[in-house]
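In: can't give you the sequence, but here's the structure:
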């Protein structure tokens, strides 16, 4: 009996240590050409860079407030087509929100690049983030005139 208790306590300590030591991978923004850049939260400013001579522009959507935190999307347009997407803000105030965002945002980026519209399907289990993404993306598209 005493031996089982020792094994149980040791296993519990090892499990807790593994959870505490875990650091989820950093989110990365993905463009249509496959480049990746680290994703971080930025201040909730709305920025628009005018189209350059190559016909590209960077447009930030409005910040969409959700139950779990703000969501803000930035799109890069080239010749009127979305070529890159980045999450400027996303729910990350607690470990659960961070975990959900780590999983959902790459899918939302891919859906945005694939559809080039604000009608992304969203991610199961990340309904609030997906809804905020749609609203901010629609705002960015509207500001860009597409």
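Out: Received it, and whenever you're ready, just let me know what you need. The structure displayed is predicted, hence computed values, not measured ones. Residues are numbered from 1 along each chain as shown.
In: what's the pLDDT at the residue lying closest to residue 140 once chain neighbours are set aside?
Out: Once flanking residues are discounted, residue 140 sits nearest to residue 61: 3.3 Å by C-beta to C-beta, 6 or more residues apart in numbering. For the C-beta atoms, the positions are set from N, CA and C on the backbone; glycine is no exception. pLDDT for residue 61: 87.
In: Same question for residue 28.
Out: Per-residue confidence (pLDDT) for residue 28: 47.
In: Use 83 as the first number from now on
Out: With 83 as the first residue, the last one maps to residue 110.
In: Pretty sure residue 155 sits against residue 142.
Out: Yes - assessed by C-beta atoms under 8 Å, residue 155 is found in contact with residue 142 at 7.5 Å.
In: Now do the shared contacts for these two.
Out: Shared contacts of residue 155 and residue 142 (C-beta atoms under 8 Å, 6 or more residues apart in numbering): 170, 222.
In: neighbour count winner among those two?
Out: residue 155 (31 against 23; other C-beta atoms under 10 Å).
In: For the more buried one, which residues are in contact?
Out: Contact partners of residue 155, counting by C-beta under 8 Å, 6+ apart, are 142, 143, 167, 168, 169, 170, 194, 215, 218, 219, 222.
In: Which of those fall in helices?
Out: Residues from these lying in helices, with DSSP state H as the criterion: 194, 215, 218, 219, 222.
In: nearest residue to the second one other than its sequence neighbours?
Out: Using C-beta to C-beta, 6+ apart and skipping the chain neighbours, the partner closest in space to residue 215 is residue 190 (4.9 Å).
In: Touching, the one you found and residue 204? I think so.
Out: Yes - between residue 190 and residue 204 there is a contact at 7.4 Å, judged by C-beta under 8 Å.
In: okay, those two: which has more neighbours?
Out: Here residue 190 and residue 204 are compared on neighbour count by other C-beta under 10 Å; more neighbours surround residue 190, at 26 against 18.
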